[in-house]
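Student: Sharing a model that was predicted from the sequence below.
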Amino acid sequence: MNKPQFTFGDIVIVAGYHPQVFIVDGYREENYHYPNETWTDLVFELHCARSGVWLEADEEDLTFVAPAEEADRYLAENPPHEPMHMETSDVISWMFGGEEMNFGRKPEQPRKPTAREISAKEAEERKAARKACADEIDNLLEMAQWYRKMLEKTSDESYGDRLFAVEAELKKLVEK
């Protein structure tokens with residue numbers, strides 16, 4: 001495995017996202033092993049210098065712009081741009097070796113998300129669902145504790161009924 005071409009804090013352009021510039025946050029090695037072949041991919045984790053949007057890209061999709069040591073100066077001298085209109089980006093794509101050269105014609109269909117983008121979106125959705133479930137469990141635990149204390153203080157059976165209902169709801173959530 002060769003040393004990565006880019007390092008933390010470097011400014012790069014990602015194929016398909018020109019003229020937006022991205023900052024390298026990190027990278028990971030993905031090793032693949034099959035009976036007749038083995039290879040390693042480098043996947044870079046980036047964020048947009050303008051919007052902060054997170055992105056993953058393969059090493060071959062990146063073009064070096066500025067080293068980490070000069071990043072602040074580069075961004076001060078070259079403020080990040082708004083995305084260009086389709087006509088201009090088509091010309092730039094062609095100039096930088098892009099495959100599509102429709103020179104100003106709007107694409108007939110929007111770009112389909114890549115498998116990596118779909119996977120990242122699904123992972124974010126699962127993470128959000130787990131967090132929402134954990135928050136709901138925390139809330140129910142606090143309610144159960146409060147009802148238990150009130151039941152001990154007052155011996156009012158209505159607190160016991162509410163405690164029973166909260167514990168039943170907790171059981172349902174935990175069993176999921």
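Tutor: Now that the structure is in, tell me what you want to look at.
Student: gap between stretch 50-60 and the chain center?
Tutor: 9 Å (Cα atoms, centre = their mean, to the nearest Å).
Student: so how far is the helix or strand L140 falls within from its chain's centroid?
Tutor: For L140, the enclosing helix or strand under DSSP states H and E is helix 115-154. What separates the centre of helix 115-154 from the centre of its chain is 22 Å, taken as Cα atoms, centre = their mean.
Student: Quick check: pLDDT value at the spatially most central residue of the chain.
Tutor: For the chain, W54 is the residue whose C-alpha lies nearest the centre (Cα atoms, centre = their mean; 5.0 Å). You'll see W54 listed with a pLDDT of 86.
Student: on that earlier part again, and the helix holding L140, what's buried?
Tutor: L140, M143, A144, Y147, M150, L151 (16 or more other Cβ atoms under 10 Å). (Each C-beta comes from the backbone N, C-alpha and C, glycine too.)
Student: Show the contacting residues for the fifth one.
Tutor: This points to M150. M150 makes contact with D156, Y159 under the criterion Cβ atoms under 8 Å, 6 or more residues apart in numbering.
Student: Apply 7 Å and report the result again.
Tutor: Y159 (Cβ atoms under 7 Å, 6 or more residues apart in numbering).
Student: the bottom helix or strand of the protein by mean pLDDT?
Tutor: Of all helical and strand segments in the chain, the minimum by mean pLDDT, DSSP states H and E falls on helix 86-95, at a mean of 52.
Student: For the residue located most distally from the centre of the chain, give me the backbone phi and psi.
Tutor: Distance from the centre of the chain peaks at S155, with 50.6 Å (Cα atoms, centre = their mean). Backbone geometry at S155, expressed as degrees, to the nearest 10, gives phi 60, psi 20.
Student: For the nearest residue to A144 once chain neighbours are set aside, grab the count of nearby residues.
Tutor: Ranked by Cβ to Cβ, 6 or more residues apart in numbering and with sequence neighbours excluded, the top spatial neighbour of A144 is V166, at 4.6 Å. V166 has 20 neighbours, counted by other Cβ atoms under 10 Å.
Student: can you pull the contacts of V166?
Tutor: L140, M143, A144, Y147.
Student: Return the distance of it relative to E30.
Tutor: 45 Å (Cβ to Cβ, to the nearest Å).
Student: Good, wrapping up.
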